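K.L.:
Sequence first, predicted model second:
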Amino acid sequence: MIWTIGPLTLKPPLVLAPMAGCTDLPFRLLCREFGAGLCYSEMINAESLLHHPADHAALLATIPADQPLAIQLYGSDPVLMGEASALLSELPGNIIDINMGCPMQEVLKEGAGAALMNNLPLAKKIMTQVCRESRKPVTVKIRSGWNHETITAPRLARMAEDAGVQALAIHARTRSDGFSGEIDWGLVAEIKKMVAIPVIGNGELKNREEALAMQARTGCDGMMLGRAALGAPWIFSDRINPQPSMAFRIRTLRRHLALIEEQLGEKAELAKIRNHAWKYFRGATSAKSIRGRIEAAQRREDIHTLLNELELRYG
């Protein structure tokens, strides 16, 4: 299935969600190998980017194989968000995305992320300024609202379209839900009927089949998978069992480690590697002991030694 965001033609409609500390270049490349058609960067603070651009080199790292790519910004100052968008327009990447859905307290206290679901006048100013300053398509990622008494997504969706935003991703939960609670796919369907721009549905999708079912139910253009892809990038594929063998998990983790070495080298943080690695064994009978070994690893070589042992056991 082919779809578009502004001048970009995208295929397939499966999207890797932005996840802080997770969706770096190696992981995005791995998800693309399994079929992700669009990937998002980790979120970047607009003010920090402007004042300390060199500190964000890792977050902005990309290569031609990592396209199309949406770079996600967050902030609460329309002028700074616009300036950051102008800066990103000069760098690799295909889309500039505005984060209006993050429920993390450190983001909310700045009046950014999901706090903007409760401040629509400011949200409108930010979207207008970013669209004015960006030379790339602008998208916005939102939630249903601040809480169940304040469902503002429909109003914000109309504002986004009027401001020039060219696609909208909706995590169909409120800020108060965090990452639990029921998903309101009916709201996604409602918004899809309201606006002419593409709509991406997001929220607790565990595999490709669930994503396709959600698309059929809502009529949305794209389907965004997030936490379920961690330790399971194969969920973007239509050819792999969602619960693959241990041998397959080991091979995939080795591929992930190879991409980390290739793209990040000595800059790769061991803590981040461990955080990715143990997730490949969730659901396995020996998952607890494997996780313990991975978390105790003091060097990358310790993880490779463990994988060698697991290969002898599982083939």
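P.N.:
In hand now; what should we look at? Numbers count the residues shown, from 1 in each chain.
K.L.:
if I pick A228, what's in contact with it?
P.N.:
E204, L205, K206, N207, I235 (Cβ atoms under 8 Å, 6 or more residues apart in numbering). In short, each C-beta sits where N, CA and C put it, glycine included.
K.L.:
ok, residues contacting stretch 128-140?
P.N.:
5-8, 70, 73, 78-79, 81-83, 85-86, 88-89, 93-98, 100, 127, 156, 160, 163-169.
K.L.:
Could you tell me the end-to-end distance of it?
P.N.:
Distance between the two ends of stretch 128-140: 12 Å, counting by Cα to Cα, to the nearest Å.
K.L.:
Please, where are all the strands along the stretch 151-300 of the chain?
P.N.:
167-171, 199-202, 222-225 (DSSP state E, counting those that start in this stretch).
K.L.:
Would you mind saying which of the ones you listed lies nearest E301?
P.N.:
Nearest to E301 among the strands of the stretch 151-300 of the chain is strand 222-225 (31.8 Å), distances taken as Cβ to Cβ.
K.L.:
ok now the closest one, how far from the chain's centre?
P.N.:
9 Å (Cα atoms, centre = their mean, to the nearest Å).
K.L.:
ok so, going back, save the strands of the stretch 151-300 of the chain as CSV, and put in mean neighbour count, mean pLDDT and distance to Q215 too.
P.N.:
Listed next are the strands of the stretch 151-300 of the chain as CSV, based on neighbours: other Cβ atoms under 10 Å; pLDDT from 0 to 100; distance: least, Cβ to Cβ, whole Å:
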stretch, mean neighbour count, mean pLDDT, distance to Q215
strand 167-171, 27, 98, 13
strand 199-202, 26, 98, 7
strand 222-225, 25, 98, 5
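K.L.:
need these in JSON lines with distance to E33, can you?
P.N.:
Converted to JSON lines, the strands of the stretch 151-300 of the chain look like this (distance: least, Cβ to Cβ, whole Å):
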{"stretch": "strand 167-171", "distance to E33": "23"}
{"stretch": "strand 199-202", "distance to E33": "21"}
{"stretch": "strand 222-225", "distance to E33": "15"}
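K.L.:
in the helix or strand hosting T305, what counts as buried?
P.N.:
Following DSSP states H and E, one finds T305 within helix 300-314. By neighbour count on 16 or more other Cβ atoms under 10 Å, the buried set for helix 300-314 is R300, I303, L306, L307, L310.
K.L.:
cool, stretch 211-221 as well?
P.N.:
Buried-residue list, stretch 211-221, by 16+ other Cβ under 10 Å: A211, L212, M214, Q215, T218, C220, D221.
K.L.:
what does stretch 61-73 give?
P.N.:
Quick answer for stretch 61-73 (16+ other Cβ under 10 Å): A61, T62, D66, P68, L69, A70, I71, Q72, L73.
K.L.:
repeat for stretch 127-140
P.N.:
Result for stretch 127-140 [16+ other Cβ under 10 Å]: buried residues M127, T128, Q129, V130, C131, E133, S134, K136, P137, V138, T139, V140.
K.L.:
Any chance of these in TSV with distance to N119 as columns?
P.N.:
Converted to TSV, the buried residues of stretch 127-140 look like this (distance: Cβ to Cβ, whole Å):
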residue	distance to N119
M127	12
T128	14
Q129	15
V130	16
C131	18
E133	20
S134	21
K136	25
P137	24
V138	19
T139	19
V140	14
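K.L.:
so which of those comes closest to R255?
P.N.:
T139 (29.1 Å).
K.L.:
Run the angle between the host helix or strand of the closest one and strand 167-171 for me.
P.N.:
According to DSSP H and E, T139 maps onto strand 138-143. Angle of strand 138-143 versus strand 167-171, following axes from the mean of the first three to the mean of the last three Cα atoms, to 10 degrees, is 20 degrees.
K.L.:
hmm, back to that, and the furthest pair within the buried residues of stretch 61-73?
P.N.:
D66 and L73 (17.8 Å).
K.L.:
circling back: and the buried residues of stretch 211-221, which is closest to G283?
P.N.:
A211 (19.6 Å).
K.L.:
ok, and the closest non-adjacent residue to the closest one?
P.N.:
Closest residue to A211 apart from its sequence neighbours, by Cβ to Cβ, 6 or more residues apart in numbering: M223 at 3.7 Å.
K.L.:
Surely that neighbour touches A213?
P.N.:
No - using Cβ atoms under 8 Å, M223 is not in contact with A213; the gap is 9.4 Å.
K.L.:
What about the buried residues of stretch 211-221, which are in helices?
P.N.:
A211, L212, M214, Q215, T218 (DSSP state H).
K.L.:
what sits against the third one?
P.N.:
Pointing back at M214 there. W185, V188, G201, L205, C220, M223.
K.L.:
circling back to that earlier point, just flag the most distant two among the buried residues of stretch 211-221.
P.N.:
Longest span within these, Cβ to Cβ: L212 and D221, 12.9 Å.
K.L.:
pLDDT of the helix or strand where I96 lies, averaged?
P.N.:
Per DSSP H and E, I96 falls inside strand 95-100. Mean pLDDT, computed over strand 95-100, is 98.
K.L.:
I am finished for the moment; much appreciated.
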